[in-house]
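**Q** sequence first, predicted coordinates after that:
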Amino acid sequence: MCGLVGIVAEHDVAPDIYDALTVLQHRGQDAAGIMTCEFGRFSLRKSEGLVRDVFRQHHMQRLQGTVGIGHVRYPTAGSSGPALAQPFYVNSPYGIAMVHNGNLTNANQLARELFQDDLRHLNTDSDSEVLLNIFAHELQTLGKLSPRADDIFKAVDAVHRRCRGGYAAVSLIVNYGIVGFRDPLGIRPLVVGERRNAAGGKEYMMASESVALDVLGFKLLGDVAPGEAVFIDMQGNLHRRQCAEHTELRPCIFEHVYFARPDSMMDEISVYKTRMRQGATLAAKVRREQPDLKIDVVIPIPDTSRIAAQSMAYELGIKFREGFMKNRYIGRTFIMPGQNQRKKSVRQKLNPVPLEFSGKNVMLVDDSIVRGTTCRQIIQMARDAGAAQVFFASAAPPVRYPNVYGIDMPSASELIAYGRTEEEVCELIGADWLVYQDLKDLIACSREGNPHVDAFECSVFSGEYPTGDVDQAYLDQLDAARNDEAQCAQRASLQEEGAVVGIHNNV
Ligand SMILES: O=P(O)(O)OC[C@H]1O[C@H](OP(=O)(O)OP(=O)(O)O)[C@H](O)[C@@H]1O
Ligand SMILES: NC(=O)CC[C@H](N)C(=O)O
Ligand SMILES: [Mg+2]
């Protein structure tokens with residue numbers, strides 16, 4: 001899902017960007033990077049790994065400048081490896097770097113156009129490098145020695161005309177400032193905030209989630225609107241403009257289910273409250289469908305389902321217990337690369353407290369069931385710990401369709417609910433009863449937070465892709481390129497041949 005940050009301040013920004021990236025770590029665990037700008041020069045450090053592993057003190061000391069951008073990566077396009085870590089950089093025009101969250105559905109066509117028509121070189125197979133080059137090309141064609149806010153907005157306008165898919169991006173233009181923008185449907189999130197420094201001057205920050213602003217003492221000004229661009233110049237002036245012709249707000253509902261931190265506000269919706277509501281509607285469904293079901297205890301599957309599980313237990317009037325202890329040193333398993341690593345990590349991450357299971361009818365609650373990696377093992381663990389009956393509740397509906405907007409679910413056949421009824425999934429995961437949230441309830445839970453949002457991007461549940469350009473041929477090609485087997489083979493060949501060398505690390 002990737003986490004983005006960009007800051008313009010009056011002091012060196014790298015330490016703040018570092019802190020923001022640690023707050024956004026849940027959005028991407030594969031790679032991290034920071035780029036800053038001082039006296040017309042960029043400094044860059046990016047590599048594979050968690051934020052705490054990528055940056056050493058000597059990197060931080062050399063990342064100087066009062067403006068910068070940062071990224072944590074969860075790959076959805078292209079290979080892995082240090083060269084695909086972000087920010088990406090192009091030297092023309094001016095010197096531009098970019099961080100990106102999302103996925104371009106027409107990346108291949110754009111890559112061809114960049115090569116054949118725009119005479120630009122791409123060094124990797126990342127769609128983020130494509131996005132950066134489109135923006136850079138469009139800025140270059142304006143032919144200005146010094147771009148003004150208006151020029152930058154024109155370039156974003158052209159990006160919206162050429163690019164398809166889900167994207168939120170923050171770009172750093174050497175000597176001019178940072179510009180953040182969101183796709184015309186606002187599928188991917190981006191917020192902007194401000195803070196006063198000790199001298200009373202204004203500083204600005206853009207980030208994927210408001211929680212990063214909170215932790216750094218920035219006040220949330222609000223979301224970047226779908227299609228809008230926000231430009232903060234080096235003097236600390238904020239300019240904003242709507243750059244897309246047709247816009248509509250269709251934020252990704254899976255952010256509310258799983259990706260976002262609960263203490264974030266997204267499109268004026270509290271993720272925390274949304275998850276509370278998800279628990280309540282799930283409880284209502286349990287009561288409706290199985291009024292006589294005897295449940296002794298409700299147990300969440302840490303971490304993400306905790307809030308929904310708690311509210312579900314409350315609504316059912318059944319006790320809530322933390323029956324699984326989580327190893328705090330293991331990250332999120334779903335966003336790990338490779339099914340073997342994901343499988344192994346579930347057992348390393350979670351361990352049952354037997355007395356909460358022994359002889360009891362337990363209702364296990366998770367935020368979602370995607371590949372079924374977690375729930376299969378968890379249900380077995382509950383049985384091994386002595387549970388009498390194991391019921392399972394998912395706070396999201398069945399995930400049956402691939403995601404093409406920035407979540408790495410490229411292959412329908414890897415989704416446990418694909419082509420299966422709920423009863424078949426129940427049998428496959430080994431539960432005594434399985435209940436899924438209804439999609440209309442999930443949407444209502446999110447919408448209650450902001451009734452102005454008419455619709456959400458729900459393609460993984462509905463198979464409806466709101467950008468209108470996703471056909472079976474695209475899904476087949478995505479599947480072939482990124483299914484688990486293809487990704488494993490790609491990683492193996494990278495190990496053999498060596499990764500594409502990062503050409504830009506300079507600190
Ligand atoms: O059906 P699956 O393919 O297993 O995917 C779904 C599971 O993966 C996620 O947990 P994860 O461990 O990534 O993160 P968390 O600690 O935030 O819950 C999610 O919360 C579910 O538990
Ligand atoms: N999850 C994301 O936002 C991924 C960004 C980009 N498509 C990449 O693979 O690096
Ligand atoms: Mg989980």
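**A** Thanks, I have it. Ligands and ions are numbered 1, 2, ... in the order given.

**Q** tell me which parts of this protein are close to ligand 2?
**A** Residues of the chain lying near ligand 2 by Cβ under 6 Å from any ligand atom: 1-2, 73-78, 100-103, 126-128, 406. For glycine as for every other residue, the C-beta is placed from the backbone atoms N, C-alpha and C.

**Q** how about 8 Å then?
**A** Proximity of the chain to ligand 2 (Cβ under 8 Å from any ligand atom) is limited to residues 1-2, 27-28, 73-78, 84, 86, 100-104, 126-128, 188, 406-408.

**Q** of these, which belong to helices?
**A** Counting by DSSP state H, the part of these found in helices is 127-128.

**Q** the residues of the chain next to ligand 2, buried ones only, as a ChimeraX selection?
**A** Selection of the buried residues among these in ChimeraX, burial being defined by 16 or more other Cβ atoms under 10 Å:
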select :1,2,27,28,73,74,75,76,77,78,84,86,100,101,102,103,104,126,127,128,188,406,407,408
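
**Q** what is the neighbour count of Ser413?
**A** Look at Ser413: counted by other Cβ atoms under 10 Å, it has 10 neighbours.

**Q** that should have said Met98, apologies.
**A** When neighbours are defined as other Cβ under 10 Å, Met98 has 28 of them.

**Q** and it, what pLDDT?
**A** Here, the pLDDT recorded for Met98 equals 98.

**Q** then Leu494?
**A** 65.

**Q** just to revisit the earlier point, restricted to strands, list the residues of the chain next to ligand 2.
**A** Among these, DSSP state E puts 73, 100-104 in strands.

**Q** of all those, which comes closest to Val425?
**A** Ranked by distance to Val425 (Cβ to Cβ), these are led by Asn103 at 26.5 Å.

**Q** show me where pLDDT drops low in the stretch 351-500 of the chain?
**A** Of all residues in the stretch 351-500 of the chain, those with pLDDT under 70 make up the ranges 494-500.

**Q** now the strands for it?
**A** Using DSSP state E, counting those that start in this stretch, the strands found in the stretch 351-500 of the chain span residues 361-366, 389-394, 433-436.

**Q** biggest helix in this structure by residues?
**A** What stands out as the longest helix in the chain, according to DSSP H, is helix 271-289.

**Q** contact partners of the helix or strand just after that one?
**A** Where DSSP states H and E defines the elements, the next helix or strand beyond helix 271-289 is strand 297-300. Under the contact criterion Cβ atoms under 8 Å, 6 or more residues apart in numbering, strand 297-300 has outside partners 306, 308-310, 312-313, 316, 318-324, 356, 360-366, 382.

**Q** likewise for stretch 419-427?
**A** Under the contact criterion Cβ under 8 Å, 6+ apart, stretch 419-427 has outside partners 369, 372, 392, 398, 400, 412, 416-417, 428, 433-434, 436.

**Q** can you list the domain ranges for the chain.
**A** Domain assignment of the chain by the TED database yields the ranges 3-248, 270-326+347-453.

**Q** show the contacting residues for Val192.
**A** Listed by Cβ under 8 Å, 6+ apart, the contact partners of Val192 are 180, 204-206, 220-224, 230, 238.

**Q** and Tyr314, how far is that from Phe324?
**A** The gap separating Tyr314 from Phe324 is 19 Å, by Cβ to Cβ, to the nearest Å.

**Q** more neighbours: these two, which one.
**A** Using other Cβ under 10 Å, the more surrounded residue of Tyr314 and Phe324 is Phe324, with 21 against 16.

**Q** and that one, its phi and psi?
**A** Dihedral pair for Phe324: phi -120, psi 130, per degrees, to the nearest 10.

**Q** give me the residue from the protein nearest ligand 2.
**A** Residue of the chain nearest ligand 2, by Cβ to the nearest ligand atom: Cys2 (3.2 Å).

**Q** angles on the backbone of that residue, please.
**A** Note on Cys2: its backbone torsions stand at phi 70, psi 140 [degrees, to the nearest 10].

**Q** also the one 5 residues further on?
**A** Backbone dihedrals for Ile7, given as degrees, to the nearest 10, come out at phi -140, psi 140.

**Q** not counting sequence-adjacent ones, nearest residue to it?
**A** Nearest residue to Ile7 in three dimensions, chain neighbours excluded: Val13, at 4.3 Å (Cβ to Cβ, 6 or more residues apart in numbering).

**Q** my guess is that neighbour contacts Gly70. True?
**A** No: between Val13 and Gly70 there is no contact under Cβ atoms under 8 Å: 9.0 Å.

**Q** neighbour count: these two, which is higher?
**A** Taking other Cβ under 10 Å, Val13 and Gly70 do not tie; Gly70 has more neighbours (34 against 28).

**Q** the more buried one falls within a helix, correct?
**A** No: membership of Gly70 in a helix is not supported by DSSP: H, G, I helix; E, B strand; the rest coil, which gives strand.

**Q** now do the same for the residue nearest to it when sequence neighbours are not counted: helix, strand or coil?
**A** Leaving aside its chain neighbours, Gly70 sits nearest to Ile17 (4.0 Å; criterion: Cβ to Cβ, 6+ apart). Three-state assignment for Ile17 (three-state DSSP): helix.

**Q** next up, the contacts around Ile17.
**A** By Cβ under 8 Å, 6+ apart, the residues touching Ile17 are 5, 7, 34, 36, 68-70.

**Q** quick one: it and Val8, what's the gap?
**A** Distance, Ile17 to Val8, using Cβ to Cβ: 11 Å.

**Q** near the closest residue to Phe461 other than its chain neighbours, how many other residues are there?
**A** Spatial nearest neighbour of Phe461, excluding adjacent residues (Cβ to Cβ, 6+ apart): Pro397 at 4.7 Å. If you count neighbours by other Cβ under 10 Å, Pro397 ends up with 24.
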